[in-house]
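In: How does the following fold in three dimensions:
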Amino acid sequence: MAQEKFKMIAQTMFGLEDILIKELHDLGVQNPEKYNRAIGFEGDWALLYKANLCLRTALRILLPIHSFQLKSERDLYNEIKKMDWEEYLGVDDTLAIDCSLNSPLFTHSQYLEQKTKDAIVDQFRDKYGRRPSVDLHNPTLKINLYIHQDTCTVSLDSSGDSLHKRGYRDKTNLAPINEVLAAGMILLTAWDTQSNFIDPMCGSGTILIEAALIANRIPPGSYRKNFGFENWKNFDPDLWEEVYDEAMNGIIDSSALIYGGEISKNVIRKTIVNINEANLKNKIQVNHCAFADLPAPEGKGILVINPPYGERMDKDEDINALYKSIGDTLKQKWAGYEAWLITSNLDAAKHIRLEPKPKIKLFNGSLECRFMRYELYSGTRRTDKLK
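Out: The predicted structure is shown next:
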C-alpha cells in the first residue's frame, strides 16, 4: 500500500506558496507544481499522512479522484452519480461537501454542494433503499469540488478540519492570527531558530507558539484529535503509527529564546493558557508590558510584529501615533535586530519612518496586508526618509 504513488494538492494562503514548496522538499517531494494558493505533488499514503501531520503552511491536503467537463447543474449531478461512491462510503457513513468556484457558468456554490450530495445519496438509495447522511462537523468523508471555468475536479479532503486548527489554542483575542499565516510569516523571515525570537505585541500567543513549534521541530498536527483520512475505508493505522512516531522522534530541545510582550492584562492571561495548552511553558517567556517597555534581550534575532491595523481601535486612539511609537522603539532599543511587521494600514506604516525591504503581499483574513522587513542598524547607517 505504501508504495502506491498518486497526485495530491496542498492548499495554502496567498504569498506562502514558495514556503510550502520548501516544506514539501524537506519531506522528500520532488517536482512540486506551483498553483495559485496551492501546490501539486506526488507521493504515497505515508506522505499523505506525513503532509497532514508536519506541514506548517498547508491548509488542507486534497486527493483528486475525478475530473470532468460540465455546462450545467444537471451535468454535475449526472457525472457525480456515475462515480462509484461505494469505494469510499457505506450507507451508514456520513459525508460533507465543500465547493469553490471560479467559473462564469455558476454563481451559487451551496446549490452545487446540494446537487453533489443529492447525486451521491441517490446512488445509494437506488441500490439499497437507504443512504448516507450529512454531517458537517465530523463526516466519514469530506468531498471537495473545485470548478474552474467548465472543468470540475472532485477531491477527497484528507485533512477534515482545516490544518490551521492545530488544537492548542483555547483562548483568543478579538482578531487572532491564523496559525498557518503565523507559521508562514516566521518561515518568510528565514529565522535561524538559534537566535532570539521576539513578538512584542503577542496577543493570544499564536506567533510565539508557532515559533516554538518550528524551533523544537514539533509537528504542528501533533495536537489534533484526528484527521479526515482516519475515517477513510483504506486507512492504515499501522502506517499512520509509523509516520507519527517518526515525526515525534524528530523533536529536539531548542534553547532559543522565544519571548513576547502584551500590554493587555486580560489578553496575556489567554496567552499563558494557550502556551500551557501547547505544553510550551518552558519554551516561551511572556511579559505584561507595552512594546516601549519591553526589555531587548542581549544578542541579535528577529522581531515579528502584528500590530492593530486601525479597524477596531477606539475613535480617540491615534493609529499613526501608535506606528510612530513602534518605529521610535525599534530605533532606540532594538539595534542589531531584524524586525518584520504585518499590516493592512500602509498609511499608518509610513509613520514608522524606516524604509522596509522587501514588502511581501499577504492576506490576514480578507485584509490585504504587507509583511515588511526593517533592518535595524546601530548608528546612522539606516535611511530615514520621512522627517
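In: Leaving out sequence neighbours, find the closest residue to Leu187.
Out: Leaving aside its chain neighbours, Leu187 sits nearest to Ile19 (4.8 Å; criterion: Cβ to Cβ, 6 or more residues apart in numbering). C-beta here means a position set from N, CA and C on the backbone, and glycine is covered the same way.
In: should've said Val180
Out: Nearest to Val180 is His164, by Cβ to Cβ, 6+ apart, at 4.3 Å.
In: okay, now His25: neighbour count?
Out: Using other Cβ atoms under 10 Å, His25 has 13 neighbouring residues.
In: Quick check: it is in a helix.
Out: Yes. Counting by DSSP: H, G, I helix; E, B strand; the rest coil, His25 falls inside a helix.
In: quick one, what contacts it?
Out: Contacts for His25 (Cβ atoms under 8 Å, 6 or more residues apart in numbering) come out as Pro32.
In: try it again with 10 Å
Out: By Cβ atoms under 10 Å, 6 or more residues apart in numbering, the contact list for His25 reads 31-32, 41.
In: The residue located most distally from the centre of the chain and Val91, how far apart?
Out: Among residues of the chain, the one most distant from the C-alpha centroid is Gly129; the distance is 41.3 Å, by Cα atoms, centre = their mean. Here Gly129 is placed at a distance of 9 Å from Val91 (Cβ to Cβ, to the nearest Å).
In: shaky segments in the stretch 101-250 of the chain?
Out: The model of the stretch 101-250 of the chain has pLDDT under 70 over residues 170-175.
In: which among the contacts of His25 end up buried?
Out: Buried subset of the contacts of His25 (neighbour count, 16 or more other Cβ atoms under 10 Å): 32, 41.
In: which among the contacts of His25 gets closest to Phe229?
Out: Nearest to Phe229 among these is Phe41, at 16.1 Å by Cβ to Cβ.
In: between the contacts of His25, which is closest to Lys225?
Out: Closest approach between those and Lys225, by Cβ to Cβ: Phe41, at 26.1 Å.
In: re the thing from before, look up how far Asn31 lies from the residue nearest to Leu187.
Out: Note on Ile19: its distance to Asn31, by Cβ to Cβ, is 17 Å.
In: same deal with Glu298?
Out: Counting by Cβ to Cβ, the gap from Glu298 to Asn31 is 44 Å.
In: Name the residues of stretch 256-269 that come out as buried.
Out: For stretch 256-269, burial by neighbour count (16+ other Cβ under 10 Å) applies to 256-263, 267-268.
In: need those in TSV with distance to Leu208, secondary structure and pLDDT, can you?
Out: Shown next, in TSV, are those (distance: Cβ to Cβ, whole Å; DSSP: H, G, I helix; E, B strand; the rest coil; pLDDT from 0 to 100):
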residue	distance to Leu208	secondary structure	pLDDT
Ala256	11	coil	96
Leu257	11	coil	97
Ile258	6	strand	98
Tyr259	8	strand	96
Gly260	5	strand	97
Gly261	10	strand	97
Glu262	10	strand	96
Ile263	15	coil	95
Val267	13	helix	92
Ile268	11	helix	93
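In: can you pull the contacts of the closest residue to Asp150 other than its chain neighbours?
Out: Among residues not flanking Asp150 along the chain, Gln69 sits closest, at 5.4 Å (Cβ to Cβ, 6+ apart). Neighbour list for Gln69: 75, 79, 149-152 [criterion: Cβ under 10 Å, 6+ apart].
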